[in-house]
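Peer 1: Just need the structure, nothing else, for what follows:
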Amino acid sequence: MLSAMIVDDEAPARSELRFLLEETGRVDSIEEASGAREAVEKIIENRPDVLFLDISMPKTSGMQLAEALHKLKNPPAVVFVTAYSEYAVNAFDVDAVDYLMKPVETERLAVALDKVEARCQPSQPAKPPAERIPVEKGGRKVLVPIDQIRYIEAKDDYSCIYTDQDRYLSTISLAQLEQQLVPHGFFRVHRGYIVNLEHVEDVEVVSSGILQLGLDGIPDKKVSVSRRRVVQLKRALGI
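Peer 2: I've put the predicted structure just below:
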């Protein structure tokens, strides 16, 4: 349900629009204001979802009010309700949702409310990358949760995925796995290795300044780091 405010200097016009809005059953709160100053005070106090705003008003016009509100971080949606068609182009310069002509028709008001509801809906977050990786094990497909993966190694045409308890084969290339897993805290430390930074236990400097990583749960494995990735890796690990 929407909350609304009708801003119009003419009381009969406010009453008529209030009646039409109540008839829709889609608005559960309706405030009224006879001018811009009163409207601003009530907007600050009540935070309506939508303003039904007359354009021709004394002192501060509806268009001026809309321009001021448009600069706010989270302004209410604006639907202009006016007897003058010549302002329609300017209305959309201030990102108005719709422009209704007086007298307002029920069907046309319903369309405006559809647009307002679409504007007020929170944007859907992007789907997160896959959180399980399909692998081969014993002739069957297994889905391995990515938080169990310690590191991945390129092997010929396959990728070997290591957890602390098992090893799996995947036909997904290391490059493709890198794209999937980087948002989950994985890092391509070498052309042949991707590691889960969450499971890096120690960083060791060996001969010629080469780094090797120790991973928890796999004590007998050290993963080498390519020289050109050392700086980025240290930054990622905060060292």
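Peer 1: ok, residue 40 to residue 216 distance?
Peer 2: 58 Å (Cβ to Cβ, to the nearest Å). C-betas here are computed from N, CA, C, even on glycine.
Peer 1: neighbour-wise, which of these two wins?
Peer 2: Each of residue 40 and residue 216 has its neighbours counted (other Cβ atoms under 10 Å); residue 40 has more, 16 against 13.
Peer 1: And the spatially closest residue to that one that is not a sequence neighbour, what's its pLDDT?
Peer 2: Leaving out its chain neighbours, the residue that sits closest to residue 40 by Cβ to Cβ, 6 or more residues apart in numbering is residue 65, at 7.5 Å. Residue 65 carries a pLDDT score of 93 in this model.
Peer 1: count of neighbours near residue 65?
Peer 2: Neighbours of residue 65 under the rule other Cβ under 10 Å: 25.
Peer 1: Quick one: distance of stretch 171-185 to the chain centre.
Peer 2: Relative to the centre of its chain, stretch 171-185 is centred 23 Å away, using Cα atoms, centre = their mean, to the nearest Å.
Peer 1: got the buried residues for that stretch?
Peer 2: Residues 172, 174, 177, 180-181, 184 are the ones in stretch 171-185 that count as buried (16 or more other Cβ atoms under 10 Å).
Peer 1: Turn those into a markdown table, including pLDDT, distance to residue 45 and secondary structure.
Peer 2: Below are the buried residues of stretch 171-185 laid out as a markdown table (pLDDT from 0 to 100; distance: Cβ to Cβ, whole Å; DSSP: H, G, I helix; E, B strand; the rest coil):
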| residue | pLDDT | distance to residue 45 | secondary structure |
| --- | --- | --- | --- |
| 172 | 90 | 55 | coil |
| 174 | 91 | 57 | helix |
| 177 | 93 | 53 | helix |
| 180 | 89 | 48 | helix |
| 181 | 92 | 48 | helix |
| 184 | 91 | 44 | helix |
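Peer 1: list the contacts for residue 62?
Peer 2: 7, 36, 53-56, 80, 82 (Cβ atoms under 8 Å, 6 or more residues apart in numbering).
Peer 1: ok, now with 7 Å
Peer 2: Contact analysis of residue 62 by Cβ atoms under 7 Å, 6 or more residues apart in numbering lists 7, 53-55, 80.
Peer 1: roughly how far apart are residue 70 and residue 114?
Peer 2: Separation of residue 70 from residue 114 (Cβ to Cβ) stands at 21 Å.
Peer 1: Restricting to C-alpha, output the lowest-mean-pLDDT helix or strand in the chain in CSV.
Peer 2: Here the helix or strand of the chain ranked lowest by mean pLDDT, DSSP states H and E is helix 88-93, holding a mean of 72. Taking Å, rounded to 0.1, in the frame of the first residue of the first chain, the C-alpha atoms of helix 88-93 are listed here in CSV:
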residue,chain,number,x,y,z
ALA,A,88,4.2,18.1,-19.7
VAL,A,89,7.7,18.3,-21.2
ASN,A,90,9.1,20.2,-18.2
ALA,A,91,7.5,17.7,-15.8
PHE,A,92,9.7,14.9,-17.0
ASP,A,93,12.8,17.1,-16.6
